[in-house]
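Chemist: got a predicted structure plus its sequence, pasted below:
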Amino acid sequence: MLRTQGISGMKAKTWLFTIGVAASCYSYSASAVLGGDEASVQADRLQMNGTIRTTQSGGFTLHEIQAVSGTAVKEYVSPAGVVFALSWTGPSLPDLRQLLGPYFDTYVEAANAQRTGLGPINVQQPGLVVQSGGKMRAFVGRAYVPSMIPPGVTAGEIQ
């Protein structure tokens, strides 16, 4: 049984998991982060070493980055040029520190507060929604700032 300064069992595993995720996501670069601007979407493409496809859809522009790892990240940009939502799917998690930017610490805090073991994460706050889940080689998730969603666009469109 794993024991770390009085922390045992599932708590130690959760603690080590959180530290591992935070450490693996530590490299932060200027990129299209949640709440950031559209001009930096290319930085994410370069960071992920992927290809990008851009489409217009009603009240937003969708940039879909396909990484060589097989993970796809969609970045939803409002007509004002602000990244208001993200979604991801693939065999590995994207760099959430990079993608969530200033919202990353809020996400980690909220996720740790609700976490009782392994399983999906569902952070529902007035200023941030993050839903993430899956299993090895099949991860999915989305994140958005409710107040940034453009008029006429619903959270259900973020997939």
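Modeler: Structure's in. What do you need?
Chemist: helix or strand with the lowest mean pLDDT in this protein?
Modeler: For the chain, the helix or strand with the lowest mean confidence is helix 9-24, at a mean of 38 (criterion: mean pLDDT, DSSP states H and E).
Chemist: next helix or strand past that helix?
Modeler: helix 41-48 (DSSP states H and E).
Chemist: contacting residues around G81?
Modeler: If a contact means C-beta atoms under 8 Å, 6 or more residues apart in numbering, then G81 has D37, E38, A39 as its contacts. The C-beta positions use only the backbone N, C-alpha and C, and glycine is treated the same way.
Chemist: S147 - that's part of a helix, no?
Modeler: Yes: under DSSP: H, G, I helix; E, B strand; the rest coil, S147 falls within a helix.
Chemist: from T89, how far off is it?
Modeler: Taking C-beta to C-beta, to the nearest Å as the measure, S147 and T89 are separated by 25 Å.
Chemist: helices or strands up against the host helix or strand of R142?
Modeler: Of the helices and strands defined by DSSP H and E, R142 is found in strand 138-144. Contact here means 3 or more C-beta pairs under 8 Å, 6 or more residues apart in numbering; DSSP states H and E; on that basis strand 138-144 packs against strand 83-90, strand 128-135.
Chemist: buried ones in it, by neighbour count?
Modeler: Along strand 138-144, the positions that meet the burial threshold by neighbour count (16 or more other C-beta atoms under 10 Å) are F139, G141, R142, A143, Y144.
Chemist: quick check: G127 touching S147?
Modeler: Yes: here G127 lies in contact with S147, judged by C-beta atoms under 8 Å, at a distance of 7.1 Å.
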